[in-house]
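*Asks:* Quick one: sequence plus predicted model below, questions after.
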Amino acid sequence: MTQSTLVSQADGTLARRGLMFILSSPSGAGKTTIARMLLDHDPHICNSVSCTTRPPRPGEVDGKDYHFVTAETFERMVDDGDFLEWATVFGHSYGTPKAQVKAGLKEGLDYLFDIDWQGTQQLYQKLERDVVRVFLLPPSIEELRRRLTGRGTDSAEVIQGRMERARSEISHWDGYDYVVINDDVAGCFGQVRHILQAERLRRARQTGLIGFTRELLNPDD
Ligand code: 5GP
């Protein structure tokens, strides 16, 4: 028996089912930074691109950051069952398109989801075994306020609104499998990567193990 008969993928690893890696946090807890670092450093995880009815912000690219769609298109997609989950967040609709993710998971692709607690709950209800839920917390309420105050150009009212939304998001911390306090970015990123690596090794995701162990146990078959 040669090593090549024990592995089944082009890169020499065992075949496995992909996972859905959900990162949620209140805004100001560093979710976007950590998500970007993960995508930059790990070639085996890709971004799940959501559809949204919110207009693009400067610099955002259609098809990369979001699929920007009209309210009519979004409603039609909801009616057609095209979303794995969808939610209204701050007055705009957001949804995860189903087709691409379902096909990718079968091929062993991991998807990163930057979605809120409502979407997380829905994905968990539908695809519990594929979902890994990670929540990021700020180190303190003072630090969160500092991060949400930005360059000091926003009114006290705007900042207060952000703080209230952040508090409401934080209250859902107990709907997650892992909670990481983002005290310093490098440390937080390291912990998030460890979670991803460990979750990839779960027996149930390693679909190639059946053949692999059969060959280990019966090398002469
Ligand atoms: P933003 O408009 O700032 O990009 O995102 C606003 C909120 O919508 C964030 O909390 C983000 O996590 C959430 N969000 C983005 N895409 C989706 C999605 O497909 N589904 C759900 N449920 N929430 C989403």
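*Replies:* Arrived safely, thanks for sending.
*Asks:* what's the spacing between the spatially closest residue to Ile45 that is not a sequence neighbour and the ligand?
*Replies:* Nearest residue to Ile45 in three dimensions, chain neighbours excluded: Asp110, at 4.2 Å (CB to CB, 6 or more residues apart in numbering). To be clear about C-beta, it is placed using only N, CA and C from the backbone, and glycine gets the same treatment. From Asp110 over to the ligand the distance is 17 Å, taken as CB to the nearest ligand atom, to the nearest Å.
*Asks:* Next: Arg54.
*Replies:* Taken as CB to the nearest ligand atom, the span from Arg54 to the ligand is 5 Å.
*Asks:* That residue: what's it in contact with?
*Replies:* Applying CB atoms under 8 Å, 6 or more residues apart in numbering, we find Arg54 in contact with Tyr66, Phe68, His92, Tyr94.
*Asks:* was I right about the third one contacting Thr53?
*Replies:* Going back to what we said before, that points to His92. Yes - His92 lies in contact with Thr53 (CB atoms under 8 Å); the separation is 5.1 Å.
*Asks:* Give the residue from the two that has the larger number of neighbours.
*Replies:* More neighbours surround Thr53 than the other of His92 and Thr53, with 19 against 13 (other CB atoms under 10 Å).
*Asks:* my read: that one touches Thr70, true?
*Replies:* Yes - using CB under 8 Å, Thr53 is in contact with Thr70, at 6.8 Å.
*Asks:* so how far is the first residue of stretch 164-179 from its last?
*Replies:* Stretch 164-179 has an end-to-end distance of 20 Å (CA to CA, to the nearest Å).
*Asks:* now the nearest residue to Leu109 once chain neighbours are set aside: how far from Asp183?
*Replies:* The spatially closest residue to Leu109, leaving aside those adjacent along the chain, is Gly18, at 4.4 Å (CB to CB, 6+ apart). Distance from Gly18 to Asp183, counting by CB to CB, to the nearest Å: 30 Å.
*Asks:* Thr33 now?
*Replies:* For Thr33, the distance to Asp183 - CB to CB - is 13 Å.
*Asks:* How about Ile141?
*Replies:* In terms of CB to CB, Ile141 sits 14 Å off from Asp183.
*Asks:* Also Val192?
*Replies:* For Val192 relative to Asp183 (CB to CB), the value is 13 Å.
*Asks:* repeat for Asp62
*Replies:* 35 Å.
*Asks:* which non-adjacent residue is nearest the closest residue to the ligand within the chain?
*Replies:* The chain approaches the ligand most closely through Gly119 (2.4 Å), counting by CB to the nearest ligand atom. In space, Gly119 comes closest to Glu85 once its chain neighbours are excluded; the distance is 4.7 Å by CB to CB, 6+ apart.
*Asks:* May I ask you to confirm that the one you found is in contact with Trp117?
*Replies:* No - applying CB under 8 Å, one finds Glu85 not in contact with Trp117, separated by 11.3 Å.
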